[in-house]
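# sharing a model prediction with you, sequence too.
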Amino acid sequence: MDTEGIYRVSGSKDTVLAIKADFDSGLSLDTNEFQDIHAITGALKLYLRELPIPLITPECLTSLIDVNLSLRESGNLEDTLKHIKACLLRLPPSHRNVLHYILRHLLRVSNKKSKNQMSAKNLAIVFAPTLMKLTSSSEDGFKYIVKQQLIAEYLIEYVANIFMT
């Protein structure tokens, strides 16, 4: 987690694909064989990008965009977190559990930003397109990317509040 540019710097494409092939065939990841942290993180991002249904489903993303726009501007953190939590509770349990795990990990990575240069904002830029995809083409591309990144940043920063029981 201390590696500068973790998740931002690309690993070797061949190594990323080798890790993916091992994973797809059910083999355990041999950390002695794959020591390039950027290839390992690249394989994780590739896996998430290739999910047939993103962890944050299009339906949930639409709700998160609505919540983010209306409540983030109001500054009412408690209401915002309540609405985000309600939206995420509608995700399939497997999606919600994996999302929670990844967001907790990304928060730990961002807590080491003085060493790795990866703040929650930087991680959101990298992970937003892998965690969520809007299927509608009506959304303006640039505005959508900004909204997507803001949502991802918010999820990383407030993961403990959002997923607390």
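Received, thanks. What you see is a predicted model, and the numbers here were worked out from it, not measured in a lab.
# low-confidence ranges in the chain?
31, 68-73, 134-140, 165 (pLDDT under 70).
# can you tell me how far the residue nearest to the spatial centre of it is from residue 82?
Per CA atoms, centre = their mean, the C-alpha nearest to the average position across the chain is that of residue 127, at 4.2 Å. From residue 127 over to residue 82 the distance is 23 Å, taken as CB to CB, to the nearest Å. Where C-beta positions appear, they are placed from N, C-alpha and C, glycine not excepted.
# helices of the protein, residue ranges please.
13-24, 37-49, 58-74, 77-89, 93-110, 113-116, 120-131, 141-157, 159-162 (DSSP state H).
# starting at the chain centroid, how far to the fourth one?
Going back to what we said before, that points to helix 77-89. 17 Å (CA atoms, centre = their mean, to the nearest Å).
# go on, the last one?
Taking CA atoms, centre = their mean, one finds the center of helix 159-162 at 14 Å from the center of the full chain.
# what helices or strands is it leaning on?
When contacts are defined as 3 or more CB pairs under 8 Å, 6 or more residues apart in numbering; DSSP states H and E, helix 159-162 packs onto helix 77-89, helix 93-110.
# do you know which of those lies nearest residue 6?
helix 93-110 (6.2 Å; CB to CB).
# packing partners of the closest one?
helix 77-89, helix 120-131, helix 141-157, helix 159-162.
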